[in-house]
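S.K.: Sharing a sequence plus its predicted fold:
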Amino acid sequence: MIRPADIREWRNHDVVDLQSHKIGTLEAVYVDTATDEPAVATVRIGLPTRQRLVFVPLDDAVLGPGYVRVSHDRADVKKAPSIGTDDILPAEQEEPIFQHYGMEYRQGVGGERRLARR
């Protein structure tokens, strides 16, 4: 798992799936607002003129020299909810990310967001 102190060090490293197929480049990490632990990452994918950021959970992520290995298949990640490279994740788009990966989504007790970018 990526430690909060290490997050910035891994930005711009390759993100690969379990078979070491490159998915894209790590752009940012979103932490769970309840625990402040890394929860999902945005991965830059696409052609240089048509890039977007897709979301992938960091559960069971493994760090290696120059890469982050995630436990989700490349094809599944590429179909995940996405945002533009200059966009911010709106609160109402958090739940579809969790649904795509079959994860339970719960807002905070006061209705606050589940994810915060670091």
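M.R.: The structure has been received and is ready for your questions. Since the model is a prediction, treat every value here as computed from it, not as a measurement.

S.K.: can you tell me which residue is nearest the centre of this structure?
M.R.: For the chain, the residue lying nearest the average C-alpha position, counting by Cα atoms, centre = their mean, turns out to be residue 41 (1.9 Å).

S.K.: how far away is that residue from residue 110?
M.R.: Distance of residue 41 to residue 110, computed by Cβ to Cβ, to the nearest Å: 26 Å. C-beta coordinates here come from the backbone N, C-alpha and C atoms, glycine included.

S.K.: The closest residue to residue 12 other than its chain neighbours is in what secondary structure piece?
M.R.: In this structure, residue 12 finds its nearest non-sequential neighbour in residue 25, 5.8 Å apart by Cβ to Cβ, 6 or more residues apart in numbering. Residue 25 is located in strand 22-32, with elements delineated by DSSP states H and E.

S.K.: ok so, going back, contacting residues around the residue nearest to residue 12?
M.R.: 12-15, 43-44 (Cβ atoms under 8 Å, 6 or more residues apart in numbering).

S.K.: Buried residues in the strand holding residue 25, which are they?
M.R.: Neighbour counts over strand 22-32 (16 or more other Cβ atoms under 10 Å) mark 23-32 as buried.

S.K.: again, but for stretch 90-99
M.R.: Quick answer for stretch 90-99 (16+ other Cβ under 10 Å): 94, 97-98.

S.K.: ok, of the residues you listed, which one's closest to residue 51?
M.R.: residue 97 (18.3 Å; Cβ to Cβ).
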